[in-house]
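[1] Return atomic coordinates for the entry below.
(2 chains, ligands or ions: 1)
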Amino acid sequence: MASHHYTSTAKALHWLMAALLFGLLALGFYMHDLPLSPEKLQLYSWHKWAGVSAFLLVLFRLLWRVTHRPPALPETMPKLVQFAAHAGHFGLYVLMIAIPLSGWLMSSAKGFQTVWFGVLPIPDLLDKNKEVGDLLQTVHMSLNLLFIAVLAGHIGAALKHHFVDKDDILIRMAPRHSKEK
Amino acid sequence: MKRLALALAFATLIPAAHAVEYTQIQPDKSAINFVYKQMGVAVDGKFKKFSSTLNFDPAKPAAAKASFDVELASVDTGAPEGDQEVAGKPWFNTKVFPSAKFVSGTVKPLGGNKYEVAGQLSIKGKTQDVVVPATFTAQGNTGIFDGSFTIRRADFSIGEGSWAKFDIVANDVQIKFRITASTK
Ligand code: HEM
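    Next up is the predicted model:
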């Protein structure tokens, strides 16, 4: 039988990325509306650096996920709800890959290369092209709106498990509850 | 007008046979681009409109003359927001200073197809001496001039106020040009 707890690595990745992604979402919408200024350009760079970091983290997280089976869902959950939970998690992974990818491609198409922390140049996968750049900006934003919707469902479900169903779904992702590496 | 009359007078005096003078700029095959660094990352831009005059005879490089008039509002920084910003007061202030000017002084042949063009560059009411290395490649009755040089934006007060520091937008801006000209 599978363990009832997530590994501490999985937990660390979960909460680290949660903080990073909320920061990226807030920063993304905030910086987009700023008038052009040195601060805006600075924030754009920081957003891109943090976004690339999130991309690398999710790749590592996926690797961890396929090599470390997460605990099974409680038997009490109906099959359909279990399916919805898995589909939701799958969607979150897809978006965590697609959003930074679209940001990276957008930056390439707009002609503003990403240099991670100002040190490591990330190759431009697309040639400079205004139409493609504008399209990818729309894609990046739309995926983010979708991400927010899925996250709302994710958080809502976690809270329902904790406060309504009173099961251990939220607890088993909580930092202190780690009996196993 | 006077200069034109003078030129015509000379033209009738000098036998045209041996002189190949490149004078007709072909705008569609010419470009003035620039590269600036934003937080250490190189970004390309260009000026879409400029006019120029040119007299270049490879046999008499020292007599060559060139002048450029770049319409600063035609700037393409890579982002529409950026184009608007640099037309504004802290940058080019195109309302008051619509164009940048380059006027050549002495032209020094460096051997082969290389030349060094000294001249004066005026932007935003400030004039600086610049030395522009260029190469010339003849292709039938057209000739291509290629070159690049670096200016410091602060020398021309380009990017004042909150932009005056160089941590976000670097001081050095590389100007690259390719001018295609044909003989008459
Ligand atoms: C998971 C990672 C990321 C998240 C959650 C995220 C989120 C966001 C959000 C919410 C916006 C505002 C959308 C808008 O209003 O247009 C935004 C804009 C932007 N993002 Fe990201 N982003 C991520 C990764 C990246 C990456 C990796 C890059 C580039 C390497 C990037 C580049 C940009 C740019 C350039 C904008 C501004 C678009 C504009 O205003 O022109 N993002 N991002």
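[2] And the residue nearest the centre of chain B, which helix or strand is it part of?
    Residue closest to the average C-alpha location in chain B (Cα atoms, centre = their mean): residue B:68, at 5.3 Å. For residue B:68, the element it lies in under DSSP states H and E is strand B:65-71.
[3] Now do the buried residues in that strand.
    When burial is assessed from 16 or more other Cβ atoms under 10 Å in any protein chain shown, strand B:65-71 yields the following buried residues: B:66, B:68, B:70. In this view, the C-beta of every residue, glycine as well, is placed from N, C-alpha and C.
[4] and which of those is nearest to residue A:64?
    When these are compared for distance to residue A:64 (Cβ to Cβ), residue B:70 wins out at 55.3 Å.
[5] which stretches of chain B have low pLDDT?
    Per-residue confidence of chain B (counting by pLDDT under 70) places the weak regions at B:1-19.
[6] need the contact list for the residue in it positioned nearest to chain A.
    Distances from chain B to chain A, computed as Cβ to the nearest Cβ, single out residue B:168 as the nearest residue at 4.1 Å. Contacts for residue B:168 (Cβ atoms under 8 Å, 6 or more residues apart in numbering or on different chains) come out as A:38, A:41-42, B:38-39.
[7] okay if I get those residues as JSON lines plus distance to the ligand and neighbour count?
    Supplementary listing: the contacts of residue B:168 in JSON lines, determined by distance: Cβ to the nearest ligand atom, whole Å; neighbours: other Cβ atoms under 10 Å in any protein chain shown:
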{"residue": "A:38", "distance to the ligand": "16", "neighbour count": "18"}
{"residue": "A:41", "distance to the ligand": "11", "neighbour count": "19"}
{"residue": "A:42", "distance to the ligand": "13", "neighbour count": "15"}
{"residue": "B:38", "distance to the ligand": "12", "neighbour count": "21"}
{"residue": "B:39", "distance to the ligand": "13", "neighbour count": "20"}
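[8] All the strands of chain B, residue numbers only.
    Using DSSP state E, the strands assigned to chain B run over residues B:22-25, B:31-38, B:41-47, B:50-55, B:65-71, B:75-76, B:99-111, B:114-123, B:126-139, B:142-152, B:169-183.
[9] ranking the ones you listed by burial, who's on top?
    Ranked by mean neighbour count, those are led by strand B:75-76 with a mean of 20 (mean count of other Cβ atoms under 10 Å in any protein chain shown).
[10] Given that one, what are its sheet partners and their directions?
    Strand pairing for strand B:75-76, determined by DSSP bridges: strand B:41-47 (antiparallel).
[11] Can you show me the CA trace of the partner strand as PDB?
    What follows is strand B:41-47 as a C-alpha-only set of coordinates in PDB (Å, rounded to 0.1, in the frame of the first residue of the first chain):
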ATOM      1  CA  VAL B  41      20.900  42.300 -22.600                       C
ATOM      2  CA  ALA B  42      21.400  43.500 -26.200                       C
ATOM      3  CA  VAL B  43      18.300  44.800 -27.900                       C
ATOM      4  CA  ASP B  44      18.100  45.800 -31.600                       C
ATOM      5  CA  GLY B  45      16.400  48.900 -32.900                       C
ATOM      6  CA  LYS B  46      16.400  51.000 -36.000                       C
ATOM      7  CA  PHE B  47      15.500  54.300 -37.600                       C
END
